[in-house]
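> Below: sequence and its predicted model.
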2 protein chains.
Amino acid sequence: MVLAYIEALKNHNDRSMELTPSSIVLAAKNRQIQQLRHLATRVELVGAIGQLVHALQSERGASSLYVASGGSRFESQRTQLAADSSTVEQHLRERFRTQLDEPGFGNASLFSLIAWVVLGLDTLPALRQRIADCKIKADEVVIAYSRLIAGLLSVVFDVADSTVDPGISRRLVALFNLIQGKELAGQERAVGSALLASGTLAVRHQQRILHLIETQERNIQIFSEFSGRPLVDDWEQMQVAPYMVQIERLRRVLCSAAPNASLDANLSDTWFACCSERIDGMWRLQETLLADVRAECARLVEAAEQDLADAEGLLEVVATHPPESARLVERFLGPELALDGNLGTLPGHGGESENSLLQVLQEQKARLAAMEAERDAARRALNERKVIERAKGVLMARFSMPEDEAYRTLRKTSMEQNRRLVDVAEATLAVLASIDPQKA
Amino acid sequence: MVLAYIEALKNHNDRSMELTPSSIVLAAKNRQIQQLRHLATRVELVGAIGQLVHALQSERGASSLYVASGGSRFESQRTQLAADSSTVEQHLRERFRTQLDEPGFGNASLFSLIAWVVLGLDTLPALRQRIADCKIKADEVVIAYSRLIAGLLSVVFDVADSTVDPGISRRLVALFNLIQGKELAGQERAVGSALLASGTLAVRHQQRILHLIETQERNIQIFSEFSGRPLVDDWEQMQVAPYMVQIERLRRVLCSAAPNASLDANLSDTWFACCSERIDGMWRLQETLLADVRAECARLVEAAEQDLADAEGLLEVVATHPPESARLVERFLGPELALDGNLGTLPGHGGESENSLLQVLQEQKARLAAMEAERDAARRALNERKVIERAKGVLMARFSMPEDEAYRTLRKTSMEQNRRLVDVAEATLAVLASIDPQKA
């Protein structure tokens, strides 16, 4: 059976690829270039998604103000911003259409997330019609756009999560957190201006604002950790901009007002304007970071191509003078794995061929190992988010609590027990799973 | 620029894939089937590697005994076992040759590991020649084969590590640990019989034996955790087999003998025989587990194909009666993400089309989320091993200590501080990295 299979293989497929260490290591390098190219197209996708998120955020702001004003204000802005969103949306759809066909573009989970996003995009015309007719409430508008944006963000997360290269992975983690921080800032703008415009405030509104401020800060913290120095400097400069003084003052008004206090409705426009300045600043930061990711991708592809060329050069000597395998025994089976350390150092220098081959292989091995170790930091940040989100989801489902309450519950336990949030989230998942394995 | 690009795309590639949620979700399911098929071929590769490891272990045993006897014993066994290994090796090489060409077979790191393995296999003829001529010491024989086997094991590890399906991932983690445990049992057999045959024993030999016993137990513990009930039962039955009594008795002799004590050289054959019985038992377990992985792969492919067929059926109604997007707005933007919980429940039932579409999407989403959560347990076990191996490697390089001493150092700290081994390993890496970032 096996022999027949091997015979069949021999007749069919013989020498389709020469099986030598040199040929395999060159194939590995080619595969790496391919992987980097796929990564570059996914980064472009992330860029297009970032643009649509930005456009939808603006449209959300104008639409909710339009609805809140009973259709009396912001009509032309809303119409213009909706048209802008549609243009960016078409661009993204074209990208989906072409990229989904490419082999190696992404895995089933990315496809599945994109299906959700397209489903959401398909609902946009009906949503806009309801807004135009004022047949929807302002906070429902915010919910509808926010959910669509959350779907788009989950695609960015998935791309960051599936990236193997540590440099790109770090930057994508920073980018995801910046985009999400900006989205929370956008929600803060929307919720705050709706509250100020309505003129009253309840405790749950205050909690919502506090939650949005706190989670933004978590995103920005991770962004700062994973993006480079110049971007963090830019961010810190934004923190001392004049509009931040206004924002902090109005945040204080929103957060410290007594329950059911009445608010100065005129502050709504001021709030909206300075929040928008801040969000525009974040958008510029996002564009800078995206340009940096693109440049890094291009640099990596170039480096990988150079590396392939170098390896081909080095291995040419191997092809013409195959190394003598007796000497390779010494070199390949170096001393460091000696079972009890008494093997000593083996004869040091082989011929040029085995030196070249071992050099290429060892460099490749060292590079992959270094990449993996470096990648772990970025992966940890992503995993922590996943665990926290999962614990939040379980709490929400199990105890029918809203999202911010679930988060506060975890946060409170974390502070009381002086344990990291992710550890509390893990413990929560474990405990709930052990109580009822069906539902956790 | 962008517009020209989009135009070009339109002319070139239009409707290559219809961009609807239904078409994307079907593409996702097709991609999943593809991924599972690739996984099945990698599982076959793991099977072929397991066979070669087994063959090389037997060849290593006979070869080291042959060399230790100065060529007077085990000649025919050694020659036969070497011929057996070569047959299995050819089978594996054919597999490499055909699989490396397949797109989606594996990433650059798998290729790189395979290049190392092939380099090692290329050295086998020269190694065998030296053994035949007795121009190598018995412990060098053990080192040479062990390193080749370690390379083969690293391929198995990489396959387990890159597996997304949690059921397969768990089984591959179990399989990797069983194969590695068996390999350590093989090394224990080789070291023990060499020591008994030589008639003397030093402290470092005892430590080596203790180290091999302890690390085997760690492998078996993980194997038990990740393999199913019947296999663990089989394992426990092996623990009460008559040969285990002999092994434990001789382990005691080896581990408790006074330094430089002389040993009864006649015990060497008994030791070899009962260790071999144990290893054969592990080999049968490995074959059972591999058959189980294969069956699970086949089951998953079948289930994925059925799932695709079901989804196609469900989505047919969507294709003929596209859902009305106004109703999809309600359904897609369900209540659970309400910003402050007061949105209430949205009108419950849409038409058949949106129900089908949402059902397929929601099932897919839930399945992927469950897979990811389940997968984490297996991934954690693999990550722990990586971190521990990395910390061991850094200790070995930094303080020029042999492997078992590095492991003992970590283990001792773990017990003294009552912290998990992996936490100690992480702390070690962090501390050494902060002392000299160049070298850690």
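It's in.
> And stretch A:274-291, what's buried?
Within stretch A:274-291, the residues that count as buried by 16 or more other Cβ atoms under 10 Å in any protein chain shown are A:274-279, A:281-283, A:285-286, A:289-290. Bear in mind the C-beta positions are built from the backbone N, C-alpha and C, glycine included.
> Near residue A:244, how many residues? Count them for me, please.
By other Cβ atoms under 10 Å in any protein chain shown, 16 other residues sit near residue A:244.
> element containing it?
helix A:242-256 (DSSP states H and E).
> Can you name the next helix or strand after that helix?
helix A:267-320.
> Which elements pack onto that following helix?
helix A:21-68, helix A:166-198, helix A:229-239, helix A:242-256, helix A:352-399 (3 or more Cβ pairs under 8 Å, 6 or more residues apart in numbering or on different chains; DSSP states H and E).
> chain center to that helix: distance?
Taking Cα atoms, centre = their mean, to the nearest Å, one finds helix A:267-320 lying 13 Å from the centre of the chain it belongs to.
> Next, the angle from that helix to helix A:352-399.
Orientation check (axes from the mean of the first three to the mean of the last three Cα atoms, to 10 degrees): helix A:267-320 against helix A:352-399 gives 150 degrees.
> what's the angle between helix A:267-320 and helix A:242-256?
120 degrees.
> Helix A:267-320 to helix A:21-68, inter-axis angle?
Relative orientation of helix A:267-320 versus helix A:21-68 (the same axes, to 10 degrees): 170 degrees.
> pLDDT on helix A:267-320, on average?
For helix A:267-320, mean pLDDT is 89.
> Check stretch A:57-67 too.
Stretch A:57-67 comes out at a mean pLDDT of 90.
> give me the number of residues near residue A:42?
Neighbours of residue A:42 (other Cβ under 10 Å): 24.
> picking that back up, for the helix holding residue A:244, packing partners?
helix A:166-198, helix A:203-226, helix A:267-320.
> Pull out the buried residues from it.
For helix A:242-256, by 16+ other Cβ under 10 Å, it's A:243-244, A:246-247, A:250-251, A:253-254.
> Dump it to PDB, restricted to CA.
Taking C-alpha atoms only, helix A:242-256 is exported to PDB below (Å, rounded to 0.1, in the frame of the first residue of the first chain):
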ATOM      1  CA  PRO A 242      -5.800  74.000  24.300                       C
ATOM      2  CA  TYR A 243      -8.800  71.900  23.300                       C
ATOM      3  CA  MET A 244      -7.800  69.300  26.000                       C
ATOM      4  CA  VAL A 245      -8.300  72.000  28.700                       C
ATOM      5  CA  GLN A 246     -11.900  72.500  27.400                       C
ATOM      6  CA  ILE A 247     -12.500  68.700  27.200                       C
ATOM      7  CA  GLU A 248     -11.300  68.100  30.700                       C
ATOM      8  CA  ARG A 249     -13.400  70.900  32.000                       C
ATOM      9  CA  LEU A 250     -16.600  69.600  30.300                       C
ATOM     10  CA  ARG A 251     -15.800  66.100  31.300                       C
ATOM     11  CA  ARG A 252     -15.700  67.300  34.900                       C
ATOM     12  CA  VAL A 253     -19.100  69.000  34.400                       C
ATOM     13  CA  LEU A 254     -20.500  65.800  32.900                       C
ATOM     14  CA  CYS A 255     -19.100  63.500  35.500                       C
ATOM     15  CA  SER A 256     -19.600  65.500  38.700                       C
END
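> could you check the angle helix A:166-198 makes with that helix?
60 degrees.
> Residues contacting helix A:242-256, please?
Applying Cβ atoms under 8 Å, 6 or more residues apart in numbering or on different chains, the set of residues contacting helix A:242-256 from outside is A:192, A:195-196, A:201, A:205-206, A:209-210, A:213, A:238, A:263, A:267, A:270-271, A:273-275, A:277-278.
> Selection in ChimeraX covering whichever of the residues you listed are buried, please.
A single ChimeraX command suffices to select whichever of the contacts of helix A:242-256 are buried according to 16+ other Cβ under 10 Å:
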select /A:192,195,196,201,205,206,209,213,238,263,267,270,271,274,275,277,278
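> Skipping its backbone neighbours, what lies nearest the residue of the stretch 101-250 of chain A at minimum distance from chain B in space?
Closest to chain B within the stretch 101-250 of chain A is residue A:111: 3.3 Å, counting by Cβ to the nearest Cβ. Nearest residue to residue A:111, sequence neighbours excluded (Cβ to Cβ, 6 or more residues apart in numbering or on different chains): residue B:28, at 3.3 Å.
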